[in-house]
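Engineer: Dropping the sequence and predicted coords here.
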Amino acid sequence: MPNKLMMVFVGTDIIFAGCGGLLIGFSLLSETQMRATPTITTVAEHLLLKQCPLTAGVVNAIFIFLTFMLSLPALFLPQNRGWLRAQGWLVVFCATFTLVLGLTVWFVTLHSRANLNRIWAHEQPLTQSLLQQKFNCCGYNNSTSPPFIQDGTCTNSLVAAQKGGCISKFSSFANGYLDLIFTAAFGIVGIDVVLVLCVAMVLKYRQELERYKHIDEKNGLGGL
């Protein structure tokens, strides 16, 4: 019957694999969303996801799945420690990979206003209009700088001047959305750290079992 340590190890290992599924699911769904025609509901997320390393997220998820597969021989070979060591090093690699992805997204939030200004300037009038409708604003800094796009939200110059620019609402939304992404990435790193500790404890446990086995063999108790 498995002991509590092995049960915790198996549970953490399964959660680790689930994090890989979450990572690849988010990355693939986001790439699909980016290829779709933007709407008022999705236009802001569409633009922000372009700032995220989605392809690297898929690669990271693949490494996570490979690491999980590598842990299976360690479970079915209770006397073996080589597979566990290999898994431990790969988990460290995956944690570092995920940490870099999270830091990349976090770094984007530090320059959100400058990045969003550049994004706004390079987008088509239709996209700018969708953003104006989503955030109920006109223009980026204000209605004249750059000039607002006339649509159902910004019907004329007087209405546009009263509504104000999109910079505050857009940047506030961007920071909140990107905060969720890099916080989730750091949470996955936390799971990785717990799994590394579990691997280390299982290695220590198996090493102790082997040591006691050798002691018993020297004392002539190997058959007990």
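Structural biologist: Everything's here; your move.
Engineer: Show me what counts as buried in the helix or strand hosting residue 75.
Structural biologist: Here residue 75 sits within helix 54-76, counting by DSSP states H and E. Burial within helix 54-76, assessed by neighbour count using 16 or more other Cβ atoms under 10 Å, is assigned to 54, 57, 60, 61, 63, 64, 65, 67, 68, 71, 74, 75. In this view, the C-beta of every residue, glycine as well, is placed from N, C-alpha and C.
Engineer: Now do that helix: which elements does it pack against?
Structural biologist: If contacts are counted by 3 or more Cβ pairs under 8 Å, 6 or more residues apart in numbering; DSSP states H and E, helix 54-76 sits against helix 4-35, helix 82-110.
Engineer: Format the CA atom coordinates belonging to the helix or strand that comes right after the last one as PDB.
Structural biologist: Read that as helix 82-110. The C-terminal neighbour of helix 82-110 among helices and strands, as given by DSSP H and E, is helix 112-122. Once non-C-alpha atoms are left out, helix 112-122 reads as follows in PDB (Å, rounded to 0.1, in the frame of the first residue of the first chain):
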ATOM      1  CA  SER A 112       1.700  49.300 -20.700                       C
ATOM      2  CA  ARG A 113       0.900  52.900 -21.600                       C
ATOM      3  CA  ALA A 114       3.800  53.200 -24.100                       C
ATOM      4  CA  ASN A 115       3.000  49.800 -25.600                       C
ATOM      5  CA  LEU A 116      -0.700  50.600 -25.900                       C
ATOM      6  CA  ASN A 117       0.000  53.900 -27.600                       C
ATOM      7  CA  ARG A 118       2.100  52.100 -30.200                       C
ATOM      8  CA  ILE A 119      -0.600  49.400 -30.600                       C
ATOM      9  CA  TRP A 120      -3.300  52.000 -31.000                       C
ATOM     10  CA  ALA A 121      -1.300  53.900 -33.600                       C
ATOM     11  CA  HIS A 122      -0.800  50.800 -35.800                       C
END
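Engineer: which other residues reach the helix or strand just after helix 112-122?
Structural biologist: Beyond helix 112-122 on the C-terminal side, the first helix or strand identified by DSSP H and E is helix 125-135. Contacts with helix 125-135, where a contact means Cβ atoms under 8 Å, 6 or more residues apart in numbering, come from 38-41, 43-44, 47, 120, 123, 137-139, 148-149, 151-154, 166, 169-170, 173.
Engineer: from the chain's centre, how far out does helix 125-135 sit?
Structural biologist: Helix 125-135 has its average C-alpha position 28 Å from the chain's average C-alpha position, going by Cα atoms, centre = their mean, to the nearest Å.
Engineer: Low-confidence stretches in this protein?
Structural biologist: Low-confidence segments of the chain, defined by pLDDT under 70, are located at 1-2, 78, 209-224.
Engineer: Fine by me, we can end here.
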